[in-house]
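>>> Sequence and computational prediction follow.
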Amino acid sequence: MSNIPVKNVTPKNQSLYEKRKKIYVREIQGLFQKLRTWTLWALMLSYFGAAWLNWDGRQAILFDLPARQFHIFGITFWPQDFMLLSWLLIISAFGLFTVTNIAGRIWCGYTCPQSAWSFIFMWIEERTEGTRNQRIKLDNEPMSATKLRKKASKHILWLLVAFWTGVTFVGYFSPIRELIPEFLALDASHWAYIWIGIFTVLTYLNAGWMREQVCIYMCPYARFQSVMYDPDTLAVSYDYNRGEPRGKRSKKKEDVEDQNKLGDCVDCSLCVQVCPTGIDIRDGMQYQCIGCALCIDACDSIMEKLEKPKGLIRYTTENELEGQKTHFFRPRLVGYSLVMLVMLSAFGYALTTRTGFRLDIERDRGALYQWTVNDTITNSYTVKLMNMSQNDREYILSIDAPEGIVMDAEARQDLQVNELKEVLVTLEMDPEKVHLKESKVDVEFVVTDAATGNEIDREETRFIAPRQ
């Protein structure tokens, strides 16, 4: 056995929740900050602008809950299309797994709504209260007219952004061109006021007050992301071998020899000051890191001033930091990608082969059958015809049944765009013409296109009668 003494290390207790300590984030410029600015603009234009787009005379994206119709550009989805939504969620999940395995929490740093709105609120804070040092000084000052003006300006702007976020969100469920005039005239639905108020408050709290608390304690992704990492995953990392031992630089000649033994890290703490979650990336990989890369921009700016190579903090892999080869293709990444591609192909096939019509049959929940005064037997049904196409259509409803069973309902049915029509249908059977060996007969309702004569859909049901 080895004779090397082992130091007793007492594990540090980590609280499941810790009271928030305000983080004063320092603004920094750099490559990744510019990239985030562009992605942020794209996200904001998509969110706030898509609600105003029209498509064929209707709002392009509208989730009409009362009518149970989801309009996404030229396609209308119904509750019966729930399977497509399930596939889409599975595709999104495996897409997130794949991206995480490749580049860590890049989703959190650049496209997560919590991060996006937090960066907007931090930008407002920077413009109203000043730089990091000015904000720290302002918070330590007693209340004054200047402090009140700056604080009030910040919170008013926060509330305006939060309010417009709530209005836009509700605008995806109620036509926004009608919602805003009705809201201002106090004629909107009470639910519209409730949901706008809820999203205004939640946005204001999450992006303004809680910020990193949401990412660290409320978001489940922060907890299970590590299971998708491997030694070949790109992540924001500090190059320990190059940076240590860290130390500040001095211009005194007598200190030059000692400084030559130091690593490239000058211990300026700028990487900590720009971190929106308040961590020190030099402590190694931490679940609080959202992969925003602001520490990379900060460190690169210092390295540039010191005329040293950039990349002391960079996107890299564990294998690369240890001097080993990074492998792009590995079993976990291939597995995630294959599942995502299979589900994506299935979703695309289901979407492209999706018909513009749906037929549902419901039997009468009352008596199984009825005798008429003419000694015939009847069954009642509710036939639901759904025109999911973008044009008015005319359909012919008929049955495929043994001779002696006839349908008592209007055969020709006119349906407008996205109309759901319920037709009460009675099937009547003459016992002298149909001799039953069992108490039920298979019957199919058939729908054909009145214009082309092509069969659109058919649905099987049962005709129930007393056994003869």
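Yep, it's here.

>>> so where is the stretch 151-300 of the chain shaky, pLDDT-wise?
250-260 (pLDDT under 70).

>>> can you do 90?
215-228, 244, 246-263, 284-287 (pLDDT under 90).

>>> where along it do the strands fall?
235-238 (DSSP state E, counting those that start in this stretch).

>>> sec struct for Val441, please.
In three-state terms, and counting by DSSP: H, G, I helix; E, B strand; the rest coil, Val441 is strand.

>>> Was I right to think it contacts Arg467?
No. Between Val441 and Arg467 no contact is recorded; they are 11.2 Å apart, counting by C-beta atoms under 8 Å. Quick note: C-beta positions are derived from backbone N, CA and C, even for glycine.

>>> If you count surrounding residues, which of the two has more?
Neighbours were counted for Val441 and for Arg467 using other C-beta atoms under 10 Å; Val441 has more, 20 against 8.

>>> Just the buried positions in the helix or strand containing Tyr349, please.
Counting by DSSP states H and E, the element that carries Tyr349 is helix 331-352. In terms of neighbour count (16 or more other C-beta atoms under 10 Å), helix 331-352 has its buried residues at Arg332, Leu333, Tyr336, Ser337, Val339, Met340, Met343, Leu344, Phe347.

>>> what's the offset of stretch 93-101 from the middle of its chain?
Centroid displacement of stretch 93-101 relative to its chain, using C-alpha atoms, centre = their mean, to the nearest Å, is 13 Å.

>>> What mean pLDDT does it get?
On average, the pLDDT along stretch 93-101 is 91.

>>> hang on, the earlier thing: just give me the closest of the buried residues of helix 331-352 to His190.
Distance to His190, by C-beta to C-beta, is smallest for Phe347 among the buried residues of helix 331-352, at 37.3 Å.

>>> OK, contacts around that closest one?
By C-beta atoms under 8 Å, 6 or more residues apart in numbering, the residues touching Phe347 are Leu84, Trp87, Leu88, Ile91.

>>> For it, give its distance to Asp81.
Computed with C-beta to C-beta, to the nearest Å, the distance linking Phe347 and Asp81 is 11 Å.

>>> Please apply the same query to Thr461.
22 Å.

>>> Ok, Ala162 next?
33 Å.

>>> Which residue of Thr461 and Asp81 possesses the greater neighbour count?
Per other C-beta under 10 Å, whichever of Thr461 and Asp81 has more neighbours is Thr461, with 20 against 17.

>>> ok, longest helix in this structure?
Taking DSSP state H as the criterion, the chain has its longest helix at helix 145-171.

>>> so who does Trp55 touch?
Taking C-beta under 8 Å, 6+ apart, one finds His71, Phe73, Gly74 in contact with Trp55.

>>> Now the phi/psi pair for the closest residue in space to Met388 that isn't next to it in sequence, please.
Among residues not flanking Met388 along the chain, Gly356 sits closest, at 4.9 Å (C-beta to C-beta, 6 or more residues apart in numbering). Gly356 adopts backbone torsions of phi -90, psi 20, taken as degrees, to the nearest 10.

>>> likewise the one 4 residues further on?
The phi and psi torsions at Asp360 (degrees, to the nearest 10) take the values phi -130, psi 140.

>>> what helix or strand is the closest residue to it other than its chain neighbours on?
Nearest non-adjacent residue to Asp360, counting by C-beta to C-beta, 6+ apart: Lys384, 4.1 Å away. Using DSSP H and E, Lys384 sits in strand 377-387.

>>> How is the protein partitioned into domains?
With automatic domain parsing as the criterion, the domains of the chain are listed as 18-50+104-323, 357-464.

>>> Can you lay out those as JSON lines showing distance to Gly57?
Shown next, in JSON lines, are the domains of the chain (distance: least, C-beta to C-beta, whole Å):
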{"stretch": "domain 18-50+104-323", "distance to Gly57": "12"}
{"stretch": "domain 357-464", "distance to Gly57": "10"}
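
>>> mind checking pLDDT for the closest residue to Glu444 other than its chain neighbours?
Using C-beta to C-beta, 6+ apart and skipping residues adjacent in sequence, the residue nearest Glu444 is Asp400, 4.2 Å away. Note for Asp400: predicted pLDDT of 93.

>>> what about Asp400, how many neighbours?
12.

>>> what residues are up against it?
Here Asp400 is in contact with Val443, Glu444, Phe445, Val446, Arg458 (C-beta under 8 Å, 6+ apart).

>>> Identify the bridge partners of the second one.
Taking DSSP bridges, one finds Asp400, Glu460 as the beta-bridge partners of Glu444.

>>> residue contacts, it?
Contacts of Glu444 by C-beta under 8 Å, 6+ apart are Ile399, Asp400, Ala401, Arg458, Glu459, Glu460, Thr461.
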